[in-house]
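Engineer: Provided below for reference: sequence and predicted model.
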Amino acid sequence: MQEVPTNLGDIRFSAMSLLALREHSVKELKDKLGRKFDSVALVDEAIAGLIEQNLQSDERFAQAFVAMRQRQGKGPVVIKMELREKGIAAALISLYVNENDPIWLAHARDVWLKKFRAAIPADARERAKQMRFLHSRGFSSRHIQSVFAASTNDDW
């Protein structure tokens, strides 16, 4: 088998194909292209060109990623962790995921309502189960406590 030389055009085409499917972070692009192409320098050059032309944007990626994860019922703790794993800068993460934003309280309540249909826990065991569920989805203790405080006060 003959080895085909890698050129910048091939890498750029592959990167644009990935970006046509969905937004990708720089780290994701580097990882995916790095598995396909041997030249790290050319991969970096191709990605730099895409950033310069605004075809790749970590900000757009972060915004789309947060919206997607919210639709999936994920909370801010999980979303922040996943964004860090995808190589998004802390400043961008804090711009799009502010745990103090009241939207997260409403979102935690909506996720709880969808899962448990407003079934107020009958005992401590059921309450712990519901709390663990919200925690596993990435909601903070403050958000979870607010959901249960509101549910017992009929404060919807």
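Structural biologist: Received it, and whenever you're ready, just let me know what you need. Numbers count the residues shown, from 1 in each chain.

Engineer: same for the lowest-mean-pLDDT helix or strand in the chain, what does it pack against?
Structural biologist: One helix or strand of the chain scores below all others by mean pLDDT, DSSP states H and E: helix 141-153, with a mean of 84. When contacts are defined as 3 or more Cβ pairs under 8 Å, 6 or more residues apart in numbering; DSSP states H and E, helix 141-153 packs onto helix 103-116, helix 124-136. C-betas here are computed from N, CA, C, even on glycine.

Engineer: What count of nearby residues applies to residue 13?
Structural biologist: Using other Cβ atoms under 10 Å, residue 13 has 12 neighbouring residues.

Engineer: Kindly provide the distance from it to residue 33.
Structural biologist: 11 Å (Cβ to Cβ, to the nearest Å).

Engineer: Can you give the domain ranges for this protein?
Structural biologist: 1-56, 103-153 (automatic domain parsing).

Engineer: so what's residue 36 up against?
Structural biologist: residue 14 (Cβ atoms under 8 Å, 6 or more residues apart in numbering).

Engineer: That one and residue 18: what is the separation?
Structural biologist: Counting by Cβ to Cβ, the gap from residue 36 to residue 18 is 10 Å.

Engineer: Then residue 68?
Structural biologist: 16 Å.

Engineer: and what of residue 11?
Structural biologist: Distance, residue 11 to residue 18, using Cβ to Cβ: 11 Å.

Engineer: All the helices of this structure, in order from the start?
Structural biologist: 8-21, 26-36, 40-52, 58-71, 76-85, 90-96, 103-116, 124-136, 141-153 (DSSP state H).

Engineer: Which one of those helices has the poorest average confidence?
Structural biologist: Note on those: helix 141-153 shows the lowest mean pLDDT, a mean of 84.
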